[in-house]
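got a sequence here, can you build the structure:
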Amino acid sequence: MLGHLQKTLILLLTAIAAAGCGGGEEATRQAAPTAERQVKKEPKKHPLSYYESTLRPSMFDADVDSVRRVHEEERERQTLEIPRDSLVLEQESILGFRIQIASSASIDDAGAVRMAAQGLFLSDSVYVVYDPPVYKVRIGDFMTRLEANQRLPQLQEGGYPDAWVVPDKVVRRKWVPVVRPE
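Alright, predicted model coming up:
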């Protein structure tokens, strides 16, 4: 009889536990959506035409003006004060002479020759000029043929025996004093 009583008691406790869990779960289910709605409240979605009809660009004019003022203030702060005794390097392109050391149909080959020449002749400017269908590697900015001819033997001894002087547009650089208004 005791065994039967124990079985009944276990069955009764199981039923109570199941009923308790089920009732609590139902209450949690009903309360949870409200809490979730408060946390994950999504804005109401409108079609694009709604936003376009409610946009008033004039509302943002003050913001644009304030940003402009900030940019102008930054520009004023960044103005560079040039001392009276300063010099500026001016460059102009004129007809002169260069020494051509190589030519190639491949820009990669011409670039490699240019890099090698820059390493050997640090005091001279080295250029790659495209004259279809070839790329020509040239050195120097000489104002006269005499200057170019005087430099030519050094380049020929430096590894470019086929180098020769050619007319070309060159860059003339000169230092000019800064004229600053008082």
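
pull the longest strand from the chain.
strand 87-104 (DSSP state E).

name the strands paired with it and say parallel or antiparallel.
strand 134-142 (antiparallel), strand 164-177 (antiparallel) (DSSP bridges).

list of residues touching the shortest one?
Outside strand 134-142, the residues that touch it by CB atoms under 8 Å, 6 or more residues apart in numbering are 96-107, 109-110, 113-114, 117, 121, 124-130, 148, 151, 155, 163, 165-166, 168, 170-173. No exception for glycine: its C-beta is placed from N, CA and C like everyone else's.

and it, which residues are buried?
Applying a neighbour-count criterion of 16 or more other CB atoms under 10 Å, one finds 135-142 buried in strand 134-142.

element containing the most centrally placed residue in the chain?
For the chain, the residue nearest the mean C-alpha position is H71 (21.1 Å; CA atoms, centre = their mean). When elements are defined using DSSP states H and E, H71 is found to belong to helix 61-77.

ok, now Q118?
Here Q118, judged by DSSP H and E, is contained in helix 107-120.

right, and the helix or strand after that helix?
Using DSSP H and E, the helix or strand that directly follows helix 107-120 along the chain is strand 126-131.

buried ones in that next one?
Neighbour-count burial for strand 126-131 flags 126-129 (criterion: 16+ other CB under 10 Å).

quick one: that strand to chain centroid distance?
Here the centre of mass of C-alpha atoms in strand 126-131, compared against the chain's by CA atoms, centre = their mean, to the nearest Å, lies 28 Å away.

from the contact counts, what lies against that strand?
Helices and strands in packing contact with strand 126-131 are listed as helix 107-120, strand 134-142; criterion 3 or more CB pairs under 8 Å, 6 or more residues apart in numbering; DSSP states H and E.

could you check the angle helix 107-120 makes with the shortest one?
Counting by axes from the mean of the first three to the mean of the last three CA atoms, to 10 degrees, strand 134-142 lies at 20 degrees to helix 107-120.

between strand 134-142 and strand 126-131, how big is the angle?
130 degrees.
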